[in-house]
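>>> Output the structure for:
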Amino acid sequence: MSAEQSVPASAAAPNTSALDLIAIVFCTLAWGTTWFVITLQFGVVDSVVSVTYRFALAAVLLLAWCALRGERIMLTRAQHFAALGVGISTFTINYTLVYWAEERVTSAVVAVLFASMAFVNLIGFRIAFGQRSPLLAWGAASLGIAGVALMSWEELAAANFGAEAVIGIVMTLTGVAAAVVGNVYARRGELAGAGIAASTGWAMGYGAAALAVFALITGKTWAFEPTWQYALSLLYLAVIGSVIAFLLYYGLARRRGYSTASYISAMAPPVAMLVSAVFENKVWGLLALGGIALVVMGQLLLLRVKRA
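Predicted coordinates for the structure are as follows:
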């Protein structure tokens with residue numbers, strides 16, 4: 001049995017590096033705040049077009065960064081295929097479905113479903129690579145789902161689960177599945193020897209190209225809102241939420257496993273709650289605080305697994 005197929009229980013309780021903690025904290029803060037920043041782009045520019053701008057800009061910045069550092073930009077055929085898979089799955093399908101889902105169902109529902117990403121990732125990697133993760137990883141991933149559900153309980157109870165909401169739920173679950181497929185392709189790119197920055201830049205470029213084609217086919221209006229709010233939010237999403245965050249995310253995934261990295265999808269909602277409390281005067285109760293405790297507990301448990 002290869003190392004790819006098994007993650008032994010004896011590999012628990014590894015030394016967590018400072019870079020691991022930096023990656024988790026930065027990505028949590030970045031993606032926890034992007035939920036609010038994305039809303040600053042709604043209005044004039046169609047969501048699909050805005051996402052296209054975001055990843056096109058991020059791709060250019062990443063590849064330019066590689067060129068300035070003298071890193072290899074060109075990929076092999078296998079590496080390009082993996083980058084294409086990441087681009088279509090993660091940056092096209094996943095992000096588009098999340099935007100559409102939030103137009104049909106409350107963001108609390110989307111957050112809870114996306115908190116399942118680490119759990120679904122464990123299943124996906126078991127199927128794709130035969131990877132066996134310890135029970136501790138499964139338990140930690142389950143705590144993330146339970147924690148985000150508790151945090152969002154009041155909004156979930158008040159949500160209207162009509163036909164449109166059901167469509168939104170299906171879209172979100174499909175988005176989660178697409179993100180996990182993207183992680184599978186990212187792992188294949190890693191095994192093929194692709195560098196993180198170059199492969200991520202190409203993946204974002206492929207994702208932006210696919211989004212642009214989709215926008216043209218569906219007749220989306222290409223526009224740009226010439227306001228500081230739109231421009232700065234676009235820069236934030238492209239630089240902080242895409243370039244830096246995904247470099248750290250994929251670095252963490254390569255060191256500690258893609259399910260460990262995916263748990264950030266459960267860590268981000270508490271930050272989103274804090275942003276909502278500050279900018280939208282949202283008041284959160286004891287259930288929400290209990291949910292945060294479960295999420296943090298899940299993260300601490302997952303850090304005890306060498307690779308998940």
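>>> Is Val105 in a helix, a strand, or coil?
Look at Val105: counting by DSSP: H, G, I helix; E, B strand; the rest coil, its state is coil.
>>> Run a quick neighbour tally on Gly290.
Around Gly290 there are 15 other residues, counting by other C-beta atoms under 10 Å. C-beta coordinates here come from the backbone N, C-alpha and C atoms, glycine included.
>>> Repeat that for Arg132.
15.
>>> can you check Tyr258 too?
Neighbour count of Tyr258, defined by other C-beta under 10 Å: 28.
>>> residue contacts, it?
Shown in contact with Tyr258 (C-beta atoms under 8 Å, 6 or more residues apart in numbering): 121, 125, 183, 186-187.
>>> and the closest residue to Leu301 other than its chain neighbours, what pLDDT?
Nearest non-adjacent residue to Leu301, counting by C-beta to C-beta, 6 or more residues apart in numbering: Ala140, 3.9 Å away. At Ala140, the model reports a pLDDT of 90.
>>> Within the helices and strands, which one has Ala140?
Using DSSP states H and E, Ala140 sits within helix 135-151.
>>> Could you point out which residue ranges in the stretch 1-150 of the chain have low pLDDT?
Residue ranges of the stretch 1-150 of the chain with pLDDT under 70: 1-15, 108.
>>> Show me which residues of the host helix or strand of Tyr250 are buried.
For Tyr250, the element it lies in under DSSP H and E is helix 245-256. Under the neighbour-count criterion of 16 or more other C-beta atoms under 10 Å, helix 245-256 has 245-253, 255-256 buried.
>>> Please pull up the helix or strand immediately following it.
Following helix 245-256 in sequence, per DSSP H and E, is helix 258-262.
>>> Now find how far off-centre that following helix is within its chain.
When C-alpha coordinates are averaged (C-alpha atoms, centre = their mean, to the nearest Å), helix 258-262 and its chain have centres 10 Å apart.
>>> List the buried residues in stretch 32-40.
Applying 16+ other C-beta under 10 Å to stretch 32-40 flags 32-38, 40 as buried.
>>> Nearest to Glu71 among these?
Of all those, Glu71 sits closest to Thr34, with 26.4 Å by C-beta to C-beta.
>>> Give me the nearest residue to that closest one, chain neighbours excluded.
Gly241 (4.4 Å).
>>> Give me the neighbour count for that neighbour.
Summarising burial for Gly241: neighbours were counted as other C-beta under 10 Å, giving 21.
>>> Pull up the distance across stretch 187-206, start to finish.
17 Å (C-alpha to C-alpha, to the nearest Å).
>>> In this structure, where's the longest helix?
helix 163-191 (DSSP state H).
>>> buried ones in that one?
165, 168-169, 171-173, 175-190.
>>> just stretch 259-273 next, same as before
259-273.
>>> Let me see the mean pLDDT of that stretch.
For stretch 259-273, the per-residue pLDDT averages 86.
>>> What of stretch 289-301?
Computed over stretch 289-301, the average pLDDT equals 87.
>>> ok, now stretch 151-161?
73.
>>> Which strand or helix spans Ile24?
Using DSSP H and E, Ile24 falls in helix 18-39.
>>> So which elements touch that helix?
Here helix 18-39 touches helix 245-256, helix 264-279, going by 3 or more C-beta pairs under 8 Å, 6 or more residues apart in numbering; DSSP states H and E.
>>> got the angle for the longest one vs helix 135-151?
The one in question is helix 264-279. Counting by axes from the mean of the first three to the mean of the last three C-alpha atoms, to 10 degrees, helix 264-279 lies at 20 degrees to helix 135-151.
>>> next one: the first one
Computed with the same axes, to 10 degrees, the direction of helix 245-256 lies at 150 degrees from that of helix 135-151.
>>> ok, residues contacting helix 245-256?
Under C-beta under 8 Å, 6+ apart, the answer for helix 245-256 is 17, 19-20, 22-24, 26-27, 30-31, 58, 62, 183, 186-187, 190, 196-197, 200, 204, 260-262, 264, 305-308.
>>> and the residues you listed, which are buried?
Counted by 16+ other C-beta under 10 Å, those give 20, 23-24, 26-27, 30-31, 58, 62, 183, 186-187, 190, 196-197, 200, 204, 260-262, 264, 305-308 as buried.
>>> how close does Ile88 sit to Met151?
To Met151, Ile88 is 31 Å away according to C-beta to C-beta, to the nearest Å.
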